[in-house]
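**Q** Give me coordinates for this.
(2 chains)
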Amino acid sequence: MPITDTEAMSKKPAVQPALHKVIMVGSGGVGKSALTLQFMYDEFVEDYEPTKADSYRKKVILDGEEVQIDILDTAGQEDYAAIRDNYFRSGEGFLCVFSITEDESFQATQEFREQILRVKNDENIPFLLVGNKGDLSDKRKVPLADCESLAQQWGVPYVETSAKTRENVDRVFFDLMREIRSRKMDDNKSNNVRGKDKSKRKKLKCVIL
Amino acid sequence: MSDPMIKKLSSNDFIVEKFVKELSQHCVGGLELQQKRVEIGALAEETNTLLKKNVFHNYMLFIETAKEISHLEGEMYQLSHLLTEQRSLLATLAHSSIVEGVAPLNTSVNTSVEQDKETQARKQLNDIMQKVSDVAHSSIVEGVAPLNTSVNTIVEQDKETQARKQLNDIMQKVEGCVPLLDSPRVFILEGDLIELDPLENKPLRRVHAYLLSDMLILACPIQGSQGRYQLSTCYDNLTSLAVVNIRHIAAAFKLLAFPDTRVFQAPSASGKKEWLDKFEEIKKSNKDQNSFQSKSDPADSPGNPFEQHEDEEDEEEEESGASEDLPSPSPSIPEWLQEVPEDLDVLIVERHFEDAYNLIEKTREYLNENKTSTGGRESLDAVFVTDMSKKLDARVDTLTAMLTKELKVTPENTRGSPSAHLRPRNQYSLRDLALLISLTHDCDLFLALCSSILRAQLKRVSHVIPDIPLNKTSLSCDLFLALCSSILRAQLKRVRRDGPALNYVSSASTVFFTNLSLMTTELQKVAFPGTGECAAAFVVWATREFNLFVSYVIRELFVTQSSLSSLSPCIAAVSTKCDQLTSLGLDLRYLLDGALRGPLTKALKETRDKLTDTIKLRCSEDKWKPFNLNNRQQRDKFLAEFSEAGLASMTSYLTGDCWLRLSNNTILFTRLYLSLLQDCFNLANSDLLYNIEDTLYIVMQHQLKHVDASLRNDQLADEREFIVQNADFILNNLLALCEKKFEQNFKFKSKKLAQVRKEFQHLA
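**A** From the prediction side, this is the model:
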């Protein structure tokens, strides 16, 4: 695998812009698809229809550089852990979405986080905690302080969005892509310098933390 | 002439030159030759006509044949149409019965089947299809309903062989294919797809995909040989295969099966939709099967997919742990007993609560019997027994929890049309409650349950009942009342029995009558509006329940030596509550009075005897001396007490500051008699009136007899004036007051009190 990767890199770096794979996770009905559609097509869909699993790809300019973002919008209602595992394995960064109007969805993020960490085996996987439905602040059930303290505990950024008003929608995707990009650069560096596996680097970071 | 000529001309060895030679030899002169020529010409003409005729005739035959052929063609077409129709029919049939695990039909239908047989089969198939789809709709839980047996088995066998044939076909077409016939999998979908590069979305190669019920086979076409493939990949765990719909490429979807990510493009958008739908369908049917096997209900936790998963795991762990813990079965343990925990799990999951309960009871009985018989031969291994009881208790808890949950469903929770959803559930709930009661004997549970269930449950039940068909009315009425009974009795049991009787009686009657009025309202207004027969049943039921309640009350109240003054407020409390029911059209007062008559009469008699004894005792010690009130304070208090009781005239008997011109005995009697009168008023009803009057009469009589005797007593001659004053007080103040009160209370004058006045009038 690493051989083909480097080959692809050396052969046609100009032709194919970098691809960042983002996974949307979170309970059913928190607005994963709404965020995705708002980001992809600038549209807000009022009607709720449970997603099975949709994938999108789009070229965007990230800090002046053309990149491709690949978004996997997963099913909040997916019952099979094995299938969820397969979703998570294919991702490079995660937007863990909950609705600030539903405490249950906030509680569920804990389990998503744990499963992602287990599957990716990486404490520092690019990850954003996203509190959606920010426009419904009058129906807020999850206090901002709780969200921020959870994010701090995990060591991830917390952003509140509204798929309806488009508030912070671009920001969460771009922030995540930046994290993914910087992670890839780190990986390449460590690969080039020492060619060591992830676990060693991870260990090092743990010590620093 | 022409005949020989024709023969000659049509003979095989006819040679033109020879014929001309012969002619020229026979014929003499040009004339004869001329004639011959005409003859031959005519012959030619004739032959020509004949030929034309023949051609025409053949043409007719040809047309007729052609007609026949086209007719035949029509028939053939019809036949093929019939066959196609049948094929699609069978395919739909197989499609609609995934629950049964029946395979779809192969595309090729045996053409040698005779036509009439086919039409017949078609008809039968139509029937079956109807039935199968009905079954699929109605019940996954109930499993497969018995279908039209004979036809069904034939068709199913047919399908099975077809399915095997299909799988065989795949195995033959795909080189290097894994064996497919080892499990009851079925074929779902096949088709050509184009595999794309997952990074660049460029076509990589053509693949042919087969979707079976539990695996996905991807094969590459072999160059040169049409319809033959080389196995590429086989994903045999569809429950871990993530299928993703790709939105940015037309008709493409993605398979995530770690570490592969593969992108495929279907020939059309509808083709992609079919693939995605089939994947989803398989996942769903797998889930249904899983949830059918495990008890956790996925519908309960739509928001959090993890919960169910963990439940399942826990369950598995628990069960595997349980089976490991099971001690090696000793020969005396019957087989059914060992399987009880598993059977119970199954029964509970399948919601056969009654069967589960019966099994629990049976097992408990068996365990008890064999535990106690210490003969050695019969008794079970102690370890096994404790282990089994532990498991049994766990199942009982589960069952109780299930039932409790079941019963807590409020009307708001049930969606859709009430008649469709609630009717069967309602029937269940009534039975469930009965089960729960017998299962737990737990009042505390009811404390929580009844209060929460009662209103919701009863309301729900009563709302449903009008939907029940008419002929079932009395049955549903019985069930409804049985539910009410359970609730009532459970509630009554909860009332605490400690503390004074009044507390118990008043709280018990509050509980009883509040519930009863609630039930009455539900029954009359909601459950059975305007049905007379149910009203009758209700009255009978209410009578029964009420009698039960009254028997509780009586047992609690009428202990020996209970004083009238403690009884009367209790009785008054019950009576008031009881009277409130009349506003709902249910008058149970007569029942209460009837039930209380006996014990009350007895209590009155006891009181009378007690009072007369007291009077006798006091009179024997009577000194006929004025009563000293000691000081002003006491005097004022005393006067206030009596003026409140209606004897304001007491003031006129004062002498000096603190002396009263009445004896101590008279004062005590006045107090006693007034309180007796009040108690009597509280207890009074038309049945008891005689006894009450009698009691009042006899008590008064005793006191007056003592006054009379004292007047006649020569030793008390000095006190005569004082005694007369007392007698005057008793007769003209106390007795007059009592008579007045009596009349006020009962709206008529007491004969007995009048009688006692007459008897002793001479004293004053």
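**Q** Check which residues of stretch A:143-155 are buried.
**A** For stretch A:143-155, the neighbour count (16 or more other C-beta atoms under 10 Å in any protein chain shown) marks A:Cys147, A:Leu150, A:Ala151, A:Trp154 as buried. Every C-beta, even on glycine, is put in place using the N, C-alpha and C of the backbone.
**Q** Would you verify that the third one is located in a strand?
**A** Spelled out, that is A:Ala151. No - A:Ala151 is assigned helix when assessed by DSSP: H, G, I helix; E, B strand; the rest coil, not a strand.
**Q** Report how many residues lie close to the nearest residue to it once chain neighbours are set aside.
**A** Distance criterion C-beta to C-beta, 6 or more residues apart in numbering or on different chains; nearest residue to A:Ala151, sequence neighbours excluded, is A:Tyr158 at 3.5 Å. Using other C-beta atoms under 10 Å in any protein chain shown, A:Tyr158 has 17 other residues around it.
**Q** And the pLDDT at A:Tyr158?
**A** A:Tyr158 is assigned 94 on the pLDDT scale.
**Q** got a list of what it touches?
**A** By C-beta atoms under 8 Å, 6 or more residues apart in numbering or on different chains, the residues touching A:Tyr158 are A:Leu128, A:Leu129, A:Val130, A:Gly131, A:Cys147, A:Glu148, A:Leu150, A:Ala151, A:Gln152.
**Q** Then B:Arg618?
**A** B:Asn665, B:Leu668, B:Phe669.
**Q** Same list, those residues, but only the ones touching chain A.
**A** For chain A, no contacts are drawn from the contacts of B:Arg618 by C-beta under 8 Å from any C-beta of the partner chain.
**Q** Please convert those residues to TSV, extending it with pLDDT.
**A** Shown next, in TSV, are the contacts of B:Arg618 (pLDDT from 0 to 100):
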residue	pLDDT
B:Asn665	85
B:Leu668	86
B:Phe669	87
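**Q** who wins for neighbours among these?
**A** B:Phe669 (27 neighbours).
**Q** In terms of helices and strands, where is that one?
**A** Assigned by DSSP states H and E, B:Phe669 belongs to helix B:664-683.
**Q** For stretch A:95-109, measure first residue to last.
**A** The straight-line separation of the ends of stretch A:95-109 (C-alpha to C-alpha, to the nearest Å) is 10 Å.
**Q** Buried ones in that stretch, by neighbour count?
**A** Going by neighbour count (16+ other C-beta under 10 Å), the buried part of stretch A:95-109 is A:Leu95, A:Cys96, A:Val97, A:Phe98, A:Ser99, A:Ile100, A:Thr101, A:Glu102, A:Ser105, A:Phe106, A:Ala108, A:Thr109.
**Q** Out of these, which sit inside helices?
**A** Using DSSP state H, A:Ser105, A:Phe106, A:Ala108, A:Thr109 are the members of these that sit in helices.
**Q** what comes into contact with stretch B:189-197?
**A** B:170, B:202-211, B:249, B:252, B:262-267, B:271, B:274-275, B:278.
**Q** I meant to write stretch B:221-233 there.
**A** B:173-178, B:206-208, B:217-220, B:260.
**Q** Can you say which helix or strand has the closest residue to chain B within chain A in it?
**A** Of all residues in chain A, the one sitting closest to chain B is A:Ala82 (3.2 Å; C-beta to the nearest C-beta). Element membership for A:Ala82, per DSSP H and E: helix A:81-89.
**Q** Now do the buried residues in that helix.
**A** So for helix A:81-89, counting by 16+ other C-beta under 10 Å, buried means A:Ala81, A:Ile83, A:Arg84, A:Asp85, A:Asn86, A:Tyr87, A:Phe88, A:Arg89.
**Q** swap in stretch B:594-612?
**A** Neighbour-count burial for stretch B:594-612 [16+ other C-beta under 10 Å]: B:Ala595, B:Leu596, B:Leu600, B:Thr601, B:Ala603, B:Leu604, B:Glu606, B:Thr607, B:Arg608, B:Leu611, B:Thr612.
**Q** I'd guessed A:Gln77 sits against A:Gly28; true?
**A** Yes - with contact defined as C-beta atoms under 8 Å, A:Gln77 counts as touching A:Gly28 (4.6 Å).
**Q** Could you grab the helix/strand/coil label for A:Lys189?
**A** Under three-state DSSP, A:Lys189 falls in the helix class.
**Q** Tally up the residues packed near it, please.
**A** The burial count for A:Lys189: 11, using other C-beta under 10 Å.
**Q** How much space separates it from A:Leu19?
**A** A:Lys189 sits 19 Å away from A:Leu19 when distances are taken as C-beta to C-beta, to the nearest Å.
**Q** repeat for B:Leu488
**A** B:Leu488 sits 71 Å away from A:Leu19, going by C-beta to C-beta.
**Q** for B:Val505, same thing?
**A** Applying C-beta to C-beta, the value for B:Val505 to A:Leu19 is 82 Å.
**Q** among the ones in helices among the buried residues of stretch A:95-109, which are within reach of chain B?
**A** A:Ser105, A:Ala108.
**Q** near chain B, which residues of chain A show up?
**A** Contact residues (C-beta under 8 Å from any C-beta) of chain A with chain B: A:8, A:16, A:19, A:27-29, A:40, A:52-58, A:72, A:76-87, A:89-90, A:102, A:104-105, A:107-108, A:111, A:115.
**Q** can you map out the strands along chain B?
**A** B:174-175, B:187-196, B:203-212, B:216-221, B:229-235, B:242-246, B:252-257, B:260-265, B:626-628, B:654-655, B:659-663 (DSSP state E).
**Q** Using TSV, lay out those strands together with mean pLDDT.
**A** Output for the strands of chain B, formatted as TSV (pLDDT from 0 to 100):
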stretch	mean pLDDT
strand B:174-175	78
strand B:187-196	86
strand B:203-212	86
strand B:216-221	85
strand B:229-235	82
strand B:242-246	86
strand B:252-257	85
strand B:260-265	86
strand B:626-628	81
strand B:654-655	79
strand B:659-663	83
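**Q** Now distance to B:Leu359 and mean neighbour count too, for these, in JSON lines please.
**A** Output for the strands of chain B, formatted as JSON lines (distance: least, C-beta to C-beta, whole Å; neighbours: other C-beta atoms under 10 Å in any protein chain shown):
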{"stretch": "strand B:174-175", "distance to B:Leu359": "50", "mean neighbour count": "18"}
{"stretch": "strand B:187-196", "distance to B:Leu359": "39", "mean neighbour count": "18"}
{"stretch": "strand B:203-212", "distance to B:Leu359": "39", "mean neighbour count": "17"}
{"stretch": "strand B:216-221", "distance to B:Leu359": "42", "mean neighbour count": "20"}
{"stretch": "strand B:229-235", "distance to B:Leu359": "42", "mean neighbour count": "16"}
{"stretch": "strand B:242-246", "distance to B:Leu359": "42", "mean neighbour count": "23"}
{"stretch": "strand B:252-257", "distance to B:Leu359": "44", "mean neighbour count": "22"}
{"stretch": "strand B:260-265", "distance to B:Leu359": "49", "mean neighbour count": "19"}
{"stretch": "strand B:626-628", "distance to B:Leu359": "79", "mean neighbour count": "16"}
{"stretch": "strand B:654-655", "distance to B:Leu359": "84", "mean neighbour count": "12"}
{"stretch": "strand B:659-663", "distance to B:Leu359": "79", "mean neighbour count": "20"}
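**Q** of all those, which lies closest to A:Arg183?
**A** Comparing the strands of chain B against A:Arg183 with C-beta to C-beta, the closest turns out to be strand B:260-265 (19.1 Å).
**Q** what residues does that closest one touch?
**A** Residues outside strand B:260-265 that contact it (C-beta under 8 Å, 6+ apart): A:90, B:193-198, B:201, B:203, B:207, B:209, B:233, B:246, B:249-255, B:272.
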